[in-house]
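Q: I'll drop the sequence and a predicted model, then ask my questions.
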Number of protein chains: 2
Amino acid sequence: MTGGQRKRVVIIGGGFAGIYTAMALDRLLKDSDHVEIILINRENYFVFQPMLPDVILGSISIMHTVTPIRRLCPRATLYTREAQTIDLDEKVIVTSPGVRPKPSMIHYDYLVLAPGTTTDFSGSPGFQEHAFPFKNLGDAVALRNHLLYTLEEANIEEDQALRRQLLTYVIIGGGFSGVEVAAAMNDFLRQAARNYKQIMPKEIRTILINRGTRILPEMSEGLASYAHTLLQRKGMEIRLKTATEGATAEALYLSDGSKLPTRTLVSTVPAGVHPLMMALPVAKDKRGRVIVNEYLEVLGQPGVWALGDCAFIRNRINGEDCPPTAQFAVREAEYAAKNIYLTIRGNGNKMAPFAFPGFGKLSSLGHYSAVAEVMGIKFSGILAWLVWRTVYLMKLPGIDRKLRVGLDWLLDILIPPDIVQLKILPPQSFASERFEAGDTIIQQGDIGDRMYIITEGEVEVSKKDSAERQTVLATLGPGEYFGEMALLSKQPRSATVRGRTKGTLVGVKRADFAALLAYFPDLYERFQNLAEQRLNTIKHKNVP
Amino acid sequence: MTGGQRKRVVIIGGGFAGIYTAMALDRLLKDSDHVEIILINRENYFVFQPMLPDVILGSISIMHTVTPIRRLCPRATLYTREAQTIDLDEKVIVTSPGVRPKPSMIHYDYLVLAPGTTTDFSGSPGFQEHAFPFKNLGDAVALRNHLLYTLEEANIEEDQALRRQLLTYVIIGGGFSGVEVAAAMNDFLRQAARNYKQIMPKEIRTILINRGTRILPEMSEGLASYAHTLLQRKGMEIRLKTATEGATAEALYLSDGSKLPTRTLVSTVPAGVHPLMMALPVAKDKRGRVIVNEYLEVLGQPGVWALGDCAFIRNRINGEDCPPTAQFAVREAEYAAKNIYLTIRGNGNKMAPFAFPGFGKLSSLGHYSAVAEVMGIKFSGILAWLVWRTVYLMKLPGIDRKLRVGLDWLLDILIPPDIVQLKILPPQSFASERFEAGDTIIQQGDIGDRMYIITEGEVEVSKKDSAERQTVLATLGPGEYFGEMALLSKQPRSATVRGRTKGTLVGVKRADFAALLAYFPDLYERFQNLAEQRLNTIKHKNVP
């Protein structure tokens, strides 16, 4: 160990696995260890996922299920970016760009992989387009707004078939998350409907579709059957042994050929491999999970750890692989942090192999009901519900969040749930921008994130050669395009574009531009010709 | 009065004026009056605007500044739509479409116009593109997220010029709303910055730009000068007698030719005429406000009332025109409701002319400070702040909201503000949709809201003639377009399109399609040719 040398631990992912690793390292490391922690996560907050169904139910304020990461891990430096590529040989991570279209390169000495999984709709045609996922805060907010939208519309709709479609809600997946979100939706809709004069609560149909022979396969049969009966009593339809075929904007199609008209389809299955992990050249199991040794280190990659839902981890207690749950992720994080700490201090030989018996299993079933198996004891009903709330309130990180959620739950008992449909206008597809003479619009060498159409004024295109000489290539005016070259070639910006006068532009983002070329062959041709012309100009002007 | 005849009052607008009119009518009318109230508002909630700066500050949860309209006016039927046209002769309002692209036509017997104003950036080039407005809940959420974004980026940015730009915040307008939002931003940024290790609070610059010689022209000079000094002490720069020239993504340009590099520009001025009012053929003042008589009835339009910010109302007390404030809107609503009630009951001759002395003036200045003039008494500092909170808590409609906001304010004193940057992914510009054989994609006679590109499968285009005979016009397959005719001609859908097989489509919305044609002349030509061909086909097939 060389005391003066600063080491860097980079953690990818801000879910339970990533955050609890950062928090544990924060506790273990002293300033004298000279270790820097960097956490890369798209959001600046940690989502306490077990409480997301409460957002639907309205019993917790949207913002209280999430905690700012900076508060949880004050020692870590947070990059609110997406990790895009990992170079295991060079030990470098490239992230998505920020304000300016330049990627960040982050070097690491130790790497923790905890990006989780994505929802993979590829096996179900139409799900990508028409099903709501339910994984993060944005999903919960979008789904809740959509439920309110269907009530608003059904309330003033006179077409009876459309009303029925609007008031039919289908949830696919009878595991923990499917059951929890279905229960929350069912309770919320029936309670909210009281505010809509033209909607009778009995008009609301919530349908849970499950491929297996019973719901909650993670729990014992007795509790699952209790949950089944309770949900039915609350008005939910449960269809077992039912597979789905596909979906459109107006219906879910089942494998038996029947069709379920609905405008609301929620799918909690299945989990797919995170794109970052897909590209990583390491050993994986057949479900695409990264294989680790008993210390949670990636096979053949010393200094690289993987945990949480992205990893295949053998539990020493029973020889089974660990389930993708919060409690396992948290325990894995503690082991990973401890083992990283020992490695950094040169005590790698003292690492502890992962072993965890599990605390128990909990599933909420809407207002005042839940099922629980804790240390071998089974509960159900209001007692399980109280256990559920107590356990999760204790687990929620941060005293301020505990206080806020505690108060929310108290108010929830006194006050009916909210029916505010939060509308935030989406940004426009074709956003216009204004520039002044001399402003740099595109910088040579940057990433090409969009192309531009000039609507007013003029710009000057110039290029710097290897001897740092700037050559003017062209002046462009209204109706002309620029910036498309980097999008077509996937190379960095080949030239700099500055305002010659003041003016306005319309920017078209990379993905939108790709869609335009794919859907409108005329444009594809036009831009191919333009690219050829421009390459000729560059050659002609002798710019390398 | 004929007891059995049901009359309908339609209110356009869900701000203070519209909501309080509906609430007052709700109280006055009995079931035996046989009057139906319809309220048209884009959102299903009422925004308590004086509390929006508290959303920035983080002292109130986002959702607690808004109240579901159905809770406030249970008797009214709410249309969460936009009123698009008003026909005063036929007494019919056409609203924007809902789930299906069909407009709603709403007939009225009595009409209340209270749509408010819009923010009009037309005089300031670049403001439309680059300035944040601050009028509704969506604006407050978007601005708060942006502030957190600038902190996140500045914290990891190494380019010093870009850091300074990110940490410079400019607010334009020194009236009530400009000062309130500037004070909230200044307090929030300085407090939140403590969570960002690389940002020193003194690096943050908040600049208030005011055209006039002093801020808060609505208040007495002494209080304005107190507010000025206090805001400066809190670290804000205030520039008086400063006019703006325009803005780009990276700077605000001032009339003196200087340039203020910034990534955050908030503009609270000026108010523009609501588009609905612009098209209305009634008497207006030179600022475009609808002129009403002393009973708030629109001149020459018996049965039509106008109030709130859209109306020009003379105050009988002092002969001045009423200011665009919440307290005046609420009082106007009470008069309007009373006068409508009297008219409906045939007692129009007992209507009361509008007269209101005003209660006072209040402006919050961030944490623990405010200025107030109530019934001739002037306050400032923490006392004014307590008055501000008490008055607005009392005025906030609904006991549950009072309780929630009261608790928020209590917690706010104990707990530091949140720094969660809420990310909700915007919907894609080119959304794909899936269809099954037989599904109706476009219905003849509907409004044309988008055009489609077939990416997979086939569709059948058919047309019904006046004798209800359905003629098949064409079968289209992958790469072909449909639905563009109604967008080009602005007529209803001229044909029906159904799935012939199953398949997928990409939809392009009307506004995006218009932008495509405007920016890409190749596409314009292609679609003009296509339209001609298709018109010929229709002629050829002898479909009228």
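A: Nice, thanks for sending it over. Not measured: the values here are computed from a predicted model.
Q: Would you quantify the distance from the nearest residue to A:Glu221 once chain neighbours are set aside to A:Met451?
A: Once flanking residues are discounted, A:Glu221 sits nearest to A:Arg214: 6.9 Å by C-beta to C-beta, 6 or more residues apart in numbering or on different chains. Bear in mind the C-beta positions are built from the backbone N, C-alpha and C, glycine included. Applying C-beta to C-beta, to the nearest Å, the value for A:Arg214 to A:Met451 is 54 Å.
Q: With neighbour numbers in mind, choose between those two.
A: Comparing A:Arg214 with A:Met451 by other C-beta atoms under 10 Å in any protein chain shown, the one with more neighbours is A:Met451, at 24 against 16.
Q: quick one: the more buried one is in a helix?
A: No. Under the criterion used here (DSSP: H, G, I helix; E, B strand; the rest coil), A:Met451 is strand, not part of a helix.
Q: Might you report the residue contacts of it?
A: Applying C-beta atoms under 8 Å, 6 or more residues apart in numbering or on different chains to A:Met451 gives the contacts A:481-484, A:487, A:507-508, A:513.
Q: separation between it and chain B?
A: In this view, A:Met451 and chain B are 11 Å apart by C-beta to the nearest C-beta, to the nearest Å.
Q: Quick check: bridge partners of that residue?
A: On the basis of DSSP bridges, A:Met451 is bridged to A:Val508.
Q: re the thing from before, quick one: which of the contacts of A:Met451 sit in strands?
A: Judged by DSSP state E, the contacts of A:Met451 include A:481-482, A:507-508 as members of strands.
Q: Export those residues to CSV and append columns for distance to B:Gly14.
A: Converted to CSV, the ones in strands among the contacts of A:Met451 look like this (distance: C-beta to C-beta, whole Å):
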residue, distance to B:Gly14
A:Tyr481, 43
A:Phe482, 44
A:Gly507, 34
A:Val508, 35
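Q: so the residue nearest to A:Glu221 sits in a helix?
A: No. Applying three-state DSSP, one finds A:Arg214 to be coil, outside a helix.
Q: A:Thr229 and A:Arg205, how far apart?
A: Relative to A:Arg205, and taking C-beta to C-beta, A:Thr229 is found at 18 Å.
Q: Between those two, which has more neighbouring residues?
A: A:Arg205 (17 against 11).
Q: List the contacts of the residue nearest to that one when sequence neighbours are not counted.
A: Among residues not flanking A:Arg205 along the chain, A:Thr168 sits closest, at 4.7 Å (C-beta to C-beta, 6+ apart). Residues in contact with A:Thr168 (C-beta under 8 Å, 6+ apart) are A:205, A:207, A:260-264.
Q: Out of those residues, which sit inside strands?
A: A:205, A:207, A:260-261, A:264.
Q: Which one of those sits in the busiest neighbourhood?
A: That'd be A:Thr264 among the ones in strands among the contacts of A:Thr168, by other C-beta under 10 Å, with 23 neighbours.
Q: wait, isn't it in contact with A:Leu147?
A: Yes. Contact criterion C-beta atoms under 8 Å: A:Thr264 and A:Leu147 qualify, at 6.9 Å.
Q: Name the residues contacting each of those two.
A: Counting by C-beta under 8 Å, 6+ apart, the contacts common to A:Thr264 and A:Leu147 are A:Tyr169.
Q: Spit out the contact partners of the residue most central in space within chain A.
A: By C-alpha atoms, centre = their mean, chain A has its centre lying nearest to A:Asn136, at 5.6 Å. A:Asn136 is in contact with A:43, A:47, A:49, A:52, counting by C-beta under 8 Å, 6+ apart.
Q: Of those, which is the most crowded?
A: Most neighbours among those, by other C-beta under 10 Å: A:Leu52, with 25 neighbours.
Q: which residues of chain A score low on pLDDT?
A: Scanning chain A for pLDDT under 70 picks out A:1-4, A:423-429, A:541-544.
Q: hmm, 50 instead?
A: A:1-3, A:544 (pLDDT under 50).
Q: domain ranges for it?
A: A:7-42+A:81-117+A:273-358, A:127-268+A:362-383+A:400-414, A:431-540 (automatic domain parsing).
Q: Start and end of the last one, how far apart?
A: Between the opening and closing residues of domain A:431-540 there is a gap of 34 Å (C-alpha to C-alpha, to the nearest Å).
Q: ok, and the closest non-adjacent residue to A:Phe356?
A: Of all residues not flanking A:Phe356 in the chain, A:Arg331 sits nearest, at 4.5 Å (C-beta to C-beta, 6+ apart).
Q: Any idea how many residues pack against the one you found?
A: Close neighbours of A:Arg331, defined as other C-beta under 10 Å, add up to 23.
Q: Could you measure from it over to chain B?
A: 26 Å.
Q: what helix or strand does that residue sit in?
A: Following DSSP states H and E, one finds A:Arg331 within helix A:326-344.
Q: any idea which helix or strand comes after that helix?
A: Scanning forward in sequence from helix A:326-344 by DSSP H and E, the next helix or strand is strand A:360-364.
Q: which residues are contacting that following strand?
A: The contact list for strand A:360-364 (C-beta under 8 Å, 6+ apart) reads A:50, A:53-54, A:176, A:179-180, A:183-184, A:216, A:218-219, A:227, A:370-375, A:384-385, A:387-388, A:391-392.
Q: Just the buried residues out of the residues you listed, in ChimeraX syntax.
A: Applying 16 or more other C-beta atoms under 10 Å in any protein chain shown to the contacts of strand A:360-364, the buried members can be selected in ChimeraX as follows:
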select /A:50,53,54,176,179,180,183,184,216,219,227,370,371,372,373,384,385,387,388,391,392
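Q: Which ones among the contacts of strand A:360-364 lie within helices?
A: Applying DSSP state H to these, the entries found in helices are A:53-54, A:176, A:179-180, A:183-184, A:227, A:384-385, A:387-388, A:391-392.
Q: now those residues as JSON lines including distance to A:Met277?
A: As requested, those are exported to JSON lines (distance: C-beta to C-beta, whole Å):
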{"residue": "A:Pro53", "distance to A:Met277": "27"}
{"residue": "A:Asp54", "distance to A:Met277": "30"}
{"residue": "A:Phe176", "distance to A:Met277": "23"}
{"residue": "A:Val179", "distance to A:Met277": "28"}
{"residue": "A:Glu180", "distance to A:Met277": "26"}
{"residue": "A:Ala183", "distance to A:Met277": "32"}
{"residue": "A:Ala184", "distance to A:Met277": "30"}
{"residue": "A:Ala227", "distance to A:Met277": "33"}
{"residue": "A:Ala384", "distance to A:Met277": "35"}
{"residue": "A:Trp385", "distance to A:Met277": "36"}
{"residue": "A:Val387", "distance to A:Met277": "35"}
{"residue": "A:Trp388", "distance to A:Met277": "32"}
{"residue": "A:Val391", "distance to A:Met277": "30"}
{"residue": "A:Tyr392", "distance to A:Met277": "28"}
